[in-house]
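Colleague: sequence and predicted structure, then a few things I'm wondering about:
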Amino acid sequence: MNMIESRTLTFNKAQIHYSISRGQRPACILMLHAAFADRHMFQAQMQAFMDKYRVIAIDMPGHGDTVTKGSAVTMKHMPDIIQQLLRENEIVACHLIGVSLGSLIAQAYAYRCPEQVRSVTIVGGYSIHKANEKLLRAQRKEALRWLLYILFSMKRFRSHVASVSCHTEHGRSLLTAAINRFNRGSFAAMSGLDRLFAPLETPMLYPLHIMYGEHDLPLAVEAAVNLHKLEPRSRLTKLLGAGHCANLDEPLLFNDQTEGFLDSVD
C-alpha cells in the first residue's frame, strides 16, 4: 500500500501541491526543495522517514505541480503557505529540511513562526540573517549566466543546473527529472525572495543542522563553515561524495546523518 498521497491547498487562488504520508506520527518533517526542482527530489527521504515521522514535501510557487497562474502568489508567500499547510493538517510543529533555495524558506519560516519549528536543516544553503554578502553577489552573477541559457534554450538551462548541482550521474539524473517542468513562465513566481531576508546578529534559538557536500562550490562550503562558527547551537556535517544537492548524490549517507541529528533533537 502506498503510504504517500498527493494533496492540494488553495492559497490566494494558487493551487499548491504537496505530498504527505498517511497516518499520525508524534513528529513531522517538512521538506523544501532546491530552485527549479520539485518535491520529488525528496523521494528517498520520504520513504526513509515515513515510518517514524509524518513527512511532507511541497512544490513551491513556480515549481512542479503547483499552479500560480491567475494569482499573485510568489516565493515571498511561502511562510504563509507553510503555516496554512500545517494548520490544515493539524500539525503543531515540525522539523524543517531545506535544500539550497529551500533552506532560505526554512529559515524564513523559523524566524516568522519559531513556536512551530523544532529544528532546521540547511543543505547547500546560507543564512538569511548574517554573513551572506559574498553568496548574494555570486548568485547575482550566476543569474546572468542563467539568463543567457534561458534566452536560447531551456534544455541547456536545465542541463546546466543539473551539472552544477549534483556530483554523481545518479544525482544529476534525478535532478533533471525534478526540474523538467520548470519553464520560462515559472520565473515570475520566483520574485519576492529578498523580502524574506532579515538581518540578525543574535544566534538562532532553534537546533540548526548545516550540511554540505564535499564537492559543492568552494564559496558554498565556506559559507557553511562560517555559519557554523556563528551559530553555537549548530551541527556541521560534510557529506563525502556529494555536491550541492547532497540528498540526491548520497541519499543513504544524507538520511543517516539527518536521522542522527533529529534523534538528538527529539
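Modeller: Structure received.

Colleague: quick one: low-confidence parts of the chain?
Modeller: The chain contains residues with pLDDT under 70 at 1-2.

Colleague: in it, which residue is most central in space?
Modeller: The chain has Gly102 as the residue nearest its centroid, 2.3 Å off, counting by Cα atoms, centre = their mean.

Colleague: OK, contacts around the closest residue to it other than its chain neighbours?
Modeller: In space, and not counting its chain neighbours, Gly102 is closest to Leu32: 3.0 Å by Cβ to Cβ, 6 or more residues apart in numbering. C-beta coordinates here come from the backbone N, C-alpha and C atoms, glycine included. Listed by Cβ atoms under 8 Å, 6 or more residues apart in numbering, the contact set of Leu32 reads 58, 60, 78, 96-99, 101-103, 105-106.

Colleague: repeat that for Phe11.
Modeller: Applying Cβ under 8 Å, 6+ apart, the residues near Phe11 are 73, 77, 80-81, 84.

Colleague: now do the strands in the stretch 101-250 of the chain.
Modeller: With DSSP state E, counting those that start in this stretch, the ranges of strands along the stretch 101-250 of the chain come out as 117-123, 208-213, 234-239.

Colleague: test my guess that Ser6 contacts His17.
Modeller: Yes: the pair Ser6 / His17 is scored as a contact, 6.5 Å apart, by Cβ atoms under 8 Å.

Colleague: who's more crowded, those two?
Modeller: Neighbours per residue, other Cβ atoms under 10 Å: of Ser6 and His17, the larger number sits with His17, 19 against 11.

Colleague: dihedrals phi and psi, the more buried one?
Modeller: Main-chain torsions, His17, degrees, to the nearest 10: phi -100, psi 140.

Colleague: in PyMOL, how would I select the buried members of the contacts of Phe11?
Modeller: Burial among those is assessed by 16 or more other Cβ atoms under 10 Å; the matching PyMOL selection reads:
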select buried, resi 73+77+81+84
